[in-house]
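can you look at this prediction? I've put the sequence above it.
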Amino acid sequence: LIAAGGAGTLFGFTTYSQSVTGDGLAMAFRAGLPLEDMEFIQFHPTGLVPSGILMTEGCRGEGGYLRNAEGERFLERYAPEKMELGPRDVISRAETTEILEGRGFKGADGMDYLHLDLTHLGADRINTRLPLIREVSMKFVGIDPIEKPIPIRPVAHYSMGGIETDIEGATRTPGIWAAGEAACVSLHGANRLGSNSTAECLVWGGIAGQEIADRLDDLPTPPALAEDRLAGARAHVNDILARKGDQDLYALRQELRTTMDRHVGVYRTGAGLGEALETIRDIQQRSERAPVEDKSRVYNSNLFHALELENLLDLAEVTVAGALAREESRGAHSRRDFTARDDDNWLRHTLAWRTEDGPRLEYKPVTITTWKPVERKY
């Protein structure tokens with residue numbers, strides 16, 4: 001059972017823990033399983049600047065306002081009926097548009113931002129209903145939301161894609177299941193609804209676990225790991241430890257994440273995605289010249305960062321290749337050069353298979369039963 005989470009640290013500005021590096025996804029990909037719909041990444045509207053810490057949806061549920069640098073509640077232009085209670089993707093695009101059109105506050109390193117304003121709620125309500133938000137704001141940016149607005153911008157938050165599974169969590173390879181964010185059961189389609197990712201882990205963890213338990217007696221006894229496979233793994237580690245060159249492992253990881261932030265965010269273009277793909281492949285080559293200074297075999301953080309970088313680069317290539325090929329806007333994938341949803345050509349799932357020359361993309365139909373897709377209007 002692969003239940004190793006998503007790949008949120010592909011991005012620099014992210015709500016994810018720094019340990020969420022897509023290792024399970026990359027392992028499955030290298031083992032020959034396809035990754036599905038990796039171009040669909042959800043951005044939450046309110047990540048604390050500059051850390052990316054999540055400012056919960058409850059801030060807006062309690063009546064918080066989103067304001068631009070001109071003090072406007074700008075969502076009147078985008079979702080006048082829903083305002084701050086609109087869907088995550090709509091609000092994230094609205095925020096990004098405000099920033100791109102110059103109505104954001106200037107931030108360091110190009111990280112312009114907007115305001116999440118809770119001041120009108122008053123001290124009692126904030127302390128009673130949003131105490132952790134106040135604590136985090138004061139601790140990480142020195143702002144008391146009772147007195148001042150909180151700096152926020154859209155932040156990478158969840159991957160709708162993952163290892164392809166069926167409705168019971170089984171992959172194409174007998175004896176291998178996936179669950180949670182590592183899996184793509186396609187419960188979320190192209191655009192996850194808020195608050196149901198934990199429910200997915202609980203439900204499909206239970207389903208996959210029961211499926212495995214029910215089939216244990218029928219599964220063949222796994223053979224001992226072949227010596228040539230062990231030798232290959234050892235050789236790979238030895239090759240990494242033997243690397244020499246002028247590249248810095250951590251600088252490469254930062255460059256990857258900056259590239260993803262810049263070109264694979266809320267809005268995407270063919271030119272930007274093409275540049276990102278070129279950069280990712282360049283980093284892959286340069287990583288071969290990034291030495292691991294610590295040569296030990298016990299808790300070697302240099303070594304596991306090198307292995308994590310390999311995983312992130314594989315997943316970045318899959319994500320960007322899928323986004324570049326998908327010439328439409330759908331759910332969390334929004335192209336500025338293909339702004340319309342194109343059901344005639346793109347109502348289909350992306351499948352990425354590993355090859356020596358990069359991911360090979362294939363497609364499969366979307367299963368639609370009860371509810372037909374319609375245009376969302378707010």
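Received the coordinates, thanks. Numbers count the residues shown, from 1 in each chain.

next, residue 361: secondary structure please.
Three-state assignment for residue 361 (DSSP: H, G, I helix; E, B strand; the rest coil): strand.

in contact with it: list those residues for me.
Neighbouring residues of residue 361 by C-beta atoms under 8 Å, 6 or more residues apart in numbering: 321-322, 325, 350-353. Placement of C-beta: from N, CA and C, glycine included.

repeat the analysis, applying 7 Å as the threshold.
The contact partners of residue 361, taken as C-beta atoms under 7 Å, 6 or more residues apart in numbering, are 321-322, 325, 350, 352.

low pLDDT regions in the chain?
Across the chain, the ranges flagged by pLDDT under 70 are 225, 378.

burial of the closest residue to residue 334 other than its chain neighbours, as a residue count?
In this structure, residue 334 finds its nearest non-sequential neighbour in residue 267, 5.5 Å apart by C-beta to C-beta, 6 or more residues apart in numbering. Around residue 267 there are 20 other residues, counting by other C-beta atoms under 10 Å.

correct me, but residue 267 touches residue 332?
No: contact criterion C-beta atoms under 7 Å: residue 267 and residue 332 do not qualify, at 11.2 Å.

so what's the residue nearest to residue 334 up against?
Going by C-beta under 7 Å, 6+ apart, residue 267 touches 96, 334, 336.

repeat the analysis, applying 10 Å as the threshold.
43, 92-93, 96-97, 100, 154, 329, 334-337, 339 (C-beta atoms under 10 Å, 6 or more residues apart in numbering).

for the buried ones among the residues you listed, write the corresponding ChimeraX selection.
Burial among the contacts of residue 267 is assessed by 16 or more other C-beta atoms under 10 Å; the matching ChimeraX selection reads:
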select :43,92,93,96,97,154,329,334,335
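
which neighbours do residue 267 and residue 332 share?
Joint contacts of residue 267 and residue 332 (C-beta under 10 Å, 6+ apart) are 43, 92-93.

and the residue lying farthest from the centre of the chain, how far from residue 351?
Distance from the C-alpha centroid of the chain, by C-alpha atoms, centre = their mean, peaks at residue 217 (36.6 Å). Here residue 217 is placed at a distance of 31 Å from residue 351 (C-beta to C-beta, to the nearest Å).

same question for residue 246.
Using C-beta to C-beta, residue 246 is found at 38 Å from residue 351.

the two: who's more crowded?
Taking other C-beta under 10 Å, residue 246 and residue 351 do not tie; residue 351 has more neighbours (20 against 8).

so what are the sheet partners of whatever helix or strand that one lives in and their directions?
Using DSSP states H and E, residue 351 sits in strand 348-353. As defined by DSSP bridges, the strand partners of strand 348-353 come to strand 35-36 (antiparallel), strand 360-365 (antiparallel).

export it to CSV, keeping only CA atoms.
Output of strand 348-353 as CSV, limited to C-alpha atoms (Å, rounded to 0.1, in the frame of the first residue of the first chain):
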residue,chain,number,x,y,z
ARG,A,348,-10.2,13.0,-20.5
HIS,A,349,-7.7,11.9,-17.9
THR,A,350,-3.9,12.3,-18.5
LEU,A,351,-1.8,9.2,-17.9
ALA,A,352,2.0,9.7,-17.7
TRP,A,353,4.3,6.6,-18.2
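
give me the buried positions along that strand.
By neighbour count on 16+ other C-beta under 10 Å, the buried set for strand 348-353 is 349-352.

turn the residues you listed into a markdown table, including distance to residue 150.
Listed next are the buried residues of strand 348-353 as a markdown table, based on distance: C-beta to C-beta, whole Å:
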| residue | distance to residue 150 |
| --- | --- |
| 349 | 37 |
| 350 | 36 |
| 351 | 40 |
| 352 | 37 |
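
wait, which of these is closest to residue 314?
Residue 314 has its nearest neighbour among those in residue 352, at 9.8 Å by C-beta to C-beta.

tell me the bridge partners for that closest one.
Here residue 352, judged by DSSP bridges, has bridge partners residue 35, residue 361.

what about residue 376, which helix or strand?
Short version: residue 376 belongs to no helix or strand, going by DSSP H and E.

OK, contacts around it?
86-87, 89-90, 191, 331, 341.

give me that answer again for 8 Å
87, 90.

quick one, phi psi at it?
Dihedral pair for residue 376: phi -90, psi 130, per degrees, to the nearest 10.

that older thread, ok, of the buried residues of strand 348-353, which one's closest to residue 305?
Of the buried residues of strand 348-353, the one sitting nearest to residue 305 (C-beta to C-beta) turns out to be residue 352, at 24.4 Å.

could you measure from the closest one over to residue 38?
Residue 352 sits 6 Å away from residue 38 when distances are taken as C-beta to C-beta.

try residue 157
From residue 157 to residue 38 the distance is 15 Å (C-beta to C-beta).

compare those two (neighbour count), which wins?
residue 38 (30 against 26).

residues contacting the more buried one?
By C-beta under 8 Å, 6+ apart, residue 38 lies in contact with 159, 161-162, 315, 318-319, 322, 350, 352.

show me these that map onto helices.
Counting by DSSP state H, the part of these found in helices is 315, 318-319, 322.
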